[in-house]
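Asks: got a predicted structure plus its sequence, pasted below:
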Amino acid sequence: MSGVGAVLAKTKAQGRAALVGYLPVGFPDVQSSIDAMVAMVESGVDIVEIGVPYTDPLMDGPVIAHAADVALQNGTRLSDVFTAVRAVADAGAPALVMTYWNPVLRYGVERFADDLAKAGGAGLITPDLIPDEAAEWMAAAERNCLDHVFLVAPSSTPARLRSTTSACSGFVYAASSMGVTGVRRTVGDAAQVLVTRTRLVSDLPICVGLGVSTGAQAAQVAGFADGVIVGSALVRCLSDAGTRGEGLTALRKLSVDLAAGVRNGR
Amino acid sequence: MNNQSRTDAAGAPVGRFGAYGGRYVPEALMAALEQLDEARLKAKVDPAFQGELERLHRTYTGRPSIITEVAQFAEHAGGARILLKREDLNHTGSHKLNNVLGQALLTKRMGKTRIIAETGAGQHGVASATAAALMGLECVVYMGTKDTQRQALNVARMRLLGAEVIPVSHGSATLKDAINEAMRDWVTNVETTHYVLGTVTGPHPFPEMVRDFQRIIGVEARAQVLDLVGRLPDVVCACVGGGSNAMGIFHRFIDDQSVRLIGLEAGGEGVDTDQHAARFSTGFPGVLHGAFTYVLQDEDGQTLQSHSISAGLDYPSVGPEHSFLRDTGRAEYRPITDIQAMDAFSLLCRTEGIIPAIESAHALAGALEIGRELGPSAVILVNLSGRGDKDVDTAARWFGLLDEGSQLDGLEHQ
């Protein structure tokens, strides 16, 4: 079983949902972003999603798009992602890289899979690579024992739910609402409906993302999902802070709150 | 390179031109893309749809567009015969309406009430706003702030037509970023909204569908050249941003092996600088905006900023079918610098009394170059894809035509 699979099996045995936290590499700078990822793990995040900053993040709302801009302006390179992966793995959490497809394609799909595995990475989440176009990546991932996580959406047809989930490993990423990443006041029924529809066609764990920002929302989602994915709200801890230290403090506080939330869902 | 499993009944890959094309999109858009593909394939063979589109083109767009032989301009091209396909005479002033009317009709067929569009030079935005007004659709146009400033006239035109224009200020604030923002809107509002993509790129079926709607340019032009000259042209020239006017005029000629197809990219300040949009000179295959195709990118796969004096060619990627035509050698692509384009712009104004769009001036500059290479026996067909009214500000500044103290609207922003 993969690192991600093992964590999700453990949290299931504990009768709770897993907490998946997202941060992009290089925001506000490479070292601070790595410190922040480790701080999340120390504060109760079970799985870390490491974002690769990209010039054209068309699935992302303003918070994450801004962080990517800053990271690129700071000179963040793709090689920094592997450094972050190593640090997260050493801190004891599975490190899943979330990336738009072109950086991997340019690096070389095989080479990326090899280097990710060597750094101790757990796999990839690919927001703009659907399984239909992913044959090369899935083969490289299998060879390196990496998970390939794809997304399902409220608009996914039953046929696509079936084909996409059967191409997933580790878990299925359920994008809870239509739209880009960002904090939402309510998580809405769409997420629960999507999880229910997905469970009909797949035995894999299902983690829900897009829009969760508080412990209360995390608890709500943990009531029906196997994992709760939080992104923009964590990034905002870093972007709203006056200093790096304040950012880390806010990030730890929110992580603890969310970690309590995923334990209060059932 | 990227093997995909989807094939049609005959085993041919769906939505691919050789290795290029595909669908690199969020899952959230897949249902809409499948719905669109189904609708456009039905419409393609539906006499009622085709009849309605033909009627609109005849009574609204002003098709067929004429061809004009420009003998005085051609004196500067080694004496070759140069024929212009006058897409600039279409309603709204460019080839863009050909595609937009088709997609607007599809929007109604799919039961959607709102269209969104990206625009660079503003031509596609104006065409979209026009079709929306005609067909009673809500219309939102995304446009980079760099472009809203240099094409201020077209912003006003869109607003006059009832469209909402949303300036996009992040990234490079040009066409690329307008497409990102339109995609974000589409993901969020896909149930009610159709994204009228303006060029032959994006996820399948856009490259194929937009080409099919633009194909009428080459179909008409081929018959018109045969009628006028008695033979096929030696060369067809078109400018290539995303590449819809070029695919439109090229496609009917692809099987005519004697006809050279030449696409002219924006060479900006020169392909040896970092100020250009010559994807085929310095780009690599990669993914941008849903398609696998040539992209200006750095070694980490980050998109590089493009530059051109022409907003419509200022785009770091290109339609996947062009990448295929380039790799197979069926079409050639050359860069044209800002200076070459503006020289050709001026020459057409003064020798023929036609003010071209700066985009189309790149094709004219290409024709001058090819004409000199081939000599007086050559017949060159040029797609004059748009008219230059929108570019008067830029040209007046470039050529220093303003009296001291006078100022054209919008110039102060540049």
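Replies: That came through, no problem.
Asks: which parts of the stretch 201-350 of chain B sit against chain A?
Replies: Residues of the stretch 201-350 of chain B found near chain A (CB under 8 Å from any CB of the partner chain) are B:284, B:286-290, B:295, B:297, B:299-303. All C-beta atoms are positioned from the backbone trio N, CA, C, and that covers glycine.
Asks: is it possible to get TSV of those residues that adds secondary structure and neighbour count?
Replies: Output for those, formatted as TSV (DSSP: H, G, I helix; E, B strand; the rest coil; neighbours: other CB atoms under 10 Å in any protein chain shown):
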residue	secondary structure	neighbour count
B:Phe284	strand	14
B:Gly286	strand	22
B:Val287	strand	27
B:Leu288	strand	31
B:His289	coil	28
B:Gly290	coil	26
B:Val295	strand	25
B:Gln297	strand	25
B:Glu299	coil	10
B:Asp300	coil	20
B:Gly301	coil	24
B:Gln302	coil	19
B:Thr303	strand	23
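Asks: distance to B:Val155 and pLDDT added to those residues, as TSV?
Replies: Listed next are those as TSV, based on distance: CB to CB, whole Å; pLDDT from 0 to 100:
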residue	distance to B:Val155	pLDDT
B:Phe284	34	95
B:Gly286	31	98
B:Val287	30	98
B:Leu288	25	98
B:His289	23	97
B:Gly290	26	97
B:Val295	28	98
B:Gln297	30	98
B:Glu299	37	97
B:Asp300	34	98
B:Gly301	33	98
B:Gln302	29	98
B:Thr303	25	97
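Asks: specify which member of the residues you listed is nearest to A:Glu133.
Replies: Of all those, A:Glu133 sits closest to B:Val287, with 8.9 Å by CB to CB.
Asks: low-confidence ranges in chain B?
Replies: Where chain B drops to pLDDT under 70, the residues are B:1-12, B:405-414.
Asks: mind checking the longest helix of it?
Replies: If each helix of chain B is counted by residues according to DSSP state H, the longest one is helix B:358-374.
Asks: now the helix or strand just after that helix - C-alpha only, CSV.
Replies: Next helix or strand after helix B:358-374 toward the C-terminus (DSSP states H and E): strand B:379-384. C-alpha atoms of strand B:379-384 as CSV (Å, rounded to 0.1, in the frame of the first residue of the first chain):
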residue,chain,number,x,y,z
VAL,B,379,0.8,34.3,-57.8
ILE,B,380,0.4,35.0,-54.1
LEU,B,381,-2.9,34.9,-52.2
VAL,B,382,-2.8,36.8,-48.9
ASN,B,383,-5.5,36.7,-46.2
LEU,B,384,-6.2,40.3,-45.3
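Asks: which stretch of helix or strand covers A:Ser163?
Replies: A:Ser163 is part of helix A:158-167 when elements are defined by DSSP H and E.
Asks: and for B:Ile115?
Replies: Per DSSP H and E: B:Ile115 is located in strand B:114-119.
Asks: now do the helix holding A:Ser163: distance to the chain's middle.
Replies: Averaged C-alpha coordinates place helix A:158-167 at 20 Å from its chain's average position (CA atoms, centre = their mean, to the nearest Å).
Asks: could you point out the helix or strand that follows that helix?
Replies: Next along the chain after helix A:158-167, taking DSSP H and E as the criterion, comes strand A:172-175.
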